[in-house]
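# Kindly generate the corresponding structure for this input.
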Amino acid sequence: MSEVTPPVGEPREASLDELLDEIVGTIERAKSMPLSSSAIIGRDEVLDLLESAKLAFPIELQQARHILQDHEELLVAAEREAAQLLDEARSQAANLVQRTEIVRQARHEAERLVSEAESESRRIRHEAEDYVDRKLAAFEIVLDRTIRTVQAGRERLGAAPAIPTEESEAAPEETDGEIFDQDIR
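You can find the predicted model right below:
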């Protein structure tokens, strides 16, 4: 700190801290009164320093207020940005949850559809097998009748003369009223 002080009445251009330090230094350097704790201080010097401090005080206070206002504005902006980031994060989280839920539902629906399709396929296959089985059974019955008719015809042929004679060619034999299976319809 400088020990040189400006003459009384001249404005000082020091910060409030410097001025307060100078006032404290002036009081500390003051001469003590004999047999007392009091000190002899130059009134004009201390008043000049206090006057300069009073003038510097509003400037320092204004700067402090400005810094506090800037600080508050930064806090508000930071809180706003944080809230916006939180909203975006919540929105993205909800989106992801929704997508996950949609995927889960889609998988469930796909599994259900596959299960229904497999069930329907089994039902159709069983119906087709039953239909084919019925048709084969009906065909088997027809084949069985045909085989019996063929066997009956062969048996009749086996009972008839092996070589037809002129008589047998000229006059057909009368049947005894037998009716063959192929005649019935």
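
# which phi and psi does Leu35 have?
Note on Leu35: its backbone torsions stand at phi 60, psi 30 [degrees, to the nearest 10].

# what residue ranges in the chain score low on pLDDT?
Per-residue confidence of the chain (counting by pLDDT under 70) places the weak regions at 1-13, 160-185.

# how does it look with 90?
In the prediction, the chain carries residues with pLDDT under 90 at positions 1-66, 68-72, 74, 90-106, 139, 157-185.

# Output the longest helix belonging to it.
Among the segments of the chain that qualify as a helix by DSSP state H, the longest is helix 43-159.

# and that helix, what other elements does it pack with?
helix 16-29 (3 or more C-beta pairs under 8 Å, 6 or more residues apart in numbering; DSSP states H and E). (Each C-beta comes from the backbone N, C-alpha and C, glycine too.)

# where does Ala14 land in three-state SS?
coil (DSSP: H, G, I helix; E, B strand; the rest coil).

# can you pull the contacts of it?
Applying C-beta atoms under 8 Å, 6 or more residues apart in numbering, one finds that Ala14 lies in contact with 22, 52, 56.

# since we're on the closest residue to Ile27 other than its chain neighbours, how many residues are nearby?
Closest residue in space to Ile27, ignoring its immediate chain neighbours: Ile41 at 6.3 Å, by C-beta to C-beta, 6 or more residues apart in numbering. Applying the criterion other C-beta atoms under 10 Å, we find 15 residues in the vicinity of Ile41.

# show me the contacts for Ile41.
With contact taken as C-beta under 8 Å, 6+ apart, Ile41 is in contact with 26-27, 30.
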